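Asks: Sequence and predicted structure below; questions after.
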Amino acid sequence: MNVAILDFHPPEPSARELMEQALAPHMLIGMPHLTPIGLSETWAMKELGHRHWLMLARHLGMENADFRTPDGGETYAAICATSLEHANFGAVRANDVLTIRSALSPVSRTQVSTRHRLFVRAGLIGEVELISTFVCRMREGDNYSIARVPLPGLTTAVEDNALARTAALLRAGTLETHFGLPANPAKALRGFRFEPDASQEFNGAGLFYFAEFQALADRAFGRWFPELSQVSRREIFFSGNIRAGEAVRVELMGLSHDRRQTCCRLRREEDGKVIGKAFMEWQADSLMPA
């Protein structure tokens, strides 16, 4: 007797179905998510950035996160500001279940905010806000030519957004202090040079990835102040990008007497343009006497 064996392959899920799966609130934590001191902030920002884009696509009724200008050109939801508060990533261990509760709200015709609350064993380990703005390249392949574009379907905000307001004041040069430090100091206290690699620090759109700004700042502070191990609060404001193969400098711009509050900026070595500013508050138990 001959038995026919059917090579049956169930249909692949749609992109929309996979988006919903990717937005599931619970994740099992393992080695890819961790550092020796707990949950990786760089991984967390990448994961929340991914969720931000998927939530935005869902909000706009799209089948996937392929954003386009009205004439069909590629556009990207580029992160322009991030906020991390109440961080306790050191509490996370392998085999913990990370729960992420998220909400989206429009900020303007070009900006969207998502807020994410992170829990482990029912305890809050961090609150993150990401604000993105839609951008496109005005010159093909040139990361210097990034410009904002409106996207049909977004409505204006119904309430004030504090992070977006701070970002606007910082861009205008009218923000005097932030985290108790001067917001626009002229003189750098220390510098750290880094050469990002296109295969490691750039994303699929060919842009220096927003999560790498934070990672690069941590590399610099690890060199300057090895005793500063964990951030409890951080805000980063982005104002540009770099080309592949270009070097950047992280510059220490402010430091409180007890080293609890710090600020730095990231600028391109090619032309000196500042492309990001970060303000940080470090956990008290990671500090040594000044």
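Replies: Thanks, I have the structure now.
Asks: Can you say which helix or strand has residue 174 in it?
Replies: Under the criterion DSSP states H and E, no helix or strand holds residue 174.
Asks: So it versus residue 284, what's the distance?
Replies: Look at residue 174 and residue 284: by CB to CB, to the nearest Å, they are 31 Å apart. Every C-beta, even on glycine, is put in place using the N, C-alpha and C of the backbone.
Asks: ok, now residue 244?
Replies: Using CB to CB, one gets 40 Å for the distance from residue 244 to residue 284.
Asks: neighbour count winner among the two?
Replies: residue 244 (15 against 9; other CB atoms under 10 Å).
Asks: per the record, what domains does this structure have?
Replies: Under the assignment automatic domain parsing, the domains of the chain span 16-160, 176-290.
Asks: got TSV for those, with mean pLDDT and distance to residue 170 too?
Replies: Shown next, in TSV, are the domains of the chain (pLDDT from 0 to 100; distance: least, CB to CB, whole Å):
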stretch	mean pLDDT	distance to residue 170
domain 16-160	91	9
domain 176-290	92	5
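Asks: Now distance to residue 167 too, for those domains, in TSV please.
Replies: Formatted as TSV, the domains of the chain follow (distance: least, CB to CB, whole Å):
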stretch	distance to residue 167
domain 16-160	5
domain 176-290	5
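Asks: I'd like to know which elements the longest strand seen in the chain is packed against.
Replies: Determined from DSSP state E, the single longest strand within the chain is strand 123-137. With contacts taken as 3 or more CB pairs under 8 Å, 6 or more residues apart in numbering; DSSP states H and E, strand 123-137 sits against helix 41-59, strand 76-85, strand 111-120, strand 146-148, helix 162-172.
Asks: What segments of the stretch 151-290 of the chain are helices?
Replies: With DSSP state H, counting those that start in this stretch as the criterion, the stretch 151-290 of the chain has helices at 162-172, 210-224.
Asks: Return the most buried member of those helices.
Replies: Greatest average neighbour count among these goes to helix 210-224 (a mean of 20), per mean count of other CB atoms under 10 Å.
Asks: buried ones in stretch 79-99?
Replies: Within stretch 79-99, the residues scored as buried using 16 or more other CB atoms under 10 Å are 79-84, 87-90, 92, 96, 98-99.
Asks: typo on my end, stretch 256-269
Replies: By 16+ other CB under 10 Å, the buried positions in stretch 256-269 come out as 259, 260, 261, 262, 263, 264, 265, 266, 267, 268.
Asks: Most widely separated two among those?
Replies: Largest separation among those by CB to CB: 260 and 268, giving 29.3 Å.
Asks: ok, now how distant is residue 74 from residue 49?
Replies: As judged by CB to CB, residue 74 and residue 49 stand 17 Å apart.
Asks: Who has more neighbours out of these two?
Replies: Neighbours were counted for residue 74 and for residue 49 using other CB under 10 Å; residue 49 has more, 21 against 12.
Asks: my read: the more buried one touches residue 79, true?
Replies: Yes: using CB atoms under 8 Å, residue 49 is in contact with residue 79, at 6.1 Å.
Asks: can you list residues touching both of the two?
Replies: Listed as contacting both residue 49 and residue 79 by CB atoms under 8 Å, 6 or more residues apart in numbering are 130, 210.
Asks: okay if I get the helices and strands packed on strand 123-137 as TSV plus distance to residue 272?
Replies: Shown next, in TSV, are these (distance: least, CB to CB, whole Å):
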stretch	distance to residue 272
helix 41-59	26
strand 76-85	21
strand 111-120	27
strand 146-148	17
helix 162-172	17
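Asks: so how far is residue 265 from the nearest residue to residue 240 once chain neighbours are set aside?
Replies: Using CB to CB, 6 or more residues apart in numbering and skipping the chain neighbours, the partner closest in space to residue 240 is residue 275 (3.5 Å). Residue 275 sits 8 Å away from residue 265, going by CB to CB.
Asks: next one: residue 240
Replies: For residue 240, the distance to residue 265 (CB to CB) stands at 11 Å.
Asks: what does residue 146 give?
Replies: Distance of residue 146 to residue 265, computed by CB to CB: 18 Å.
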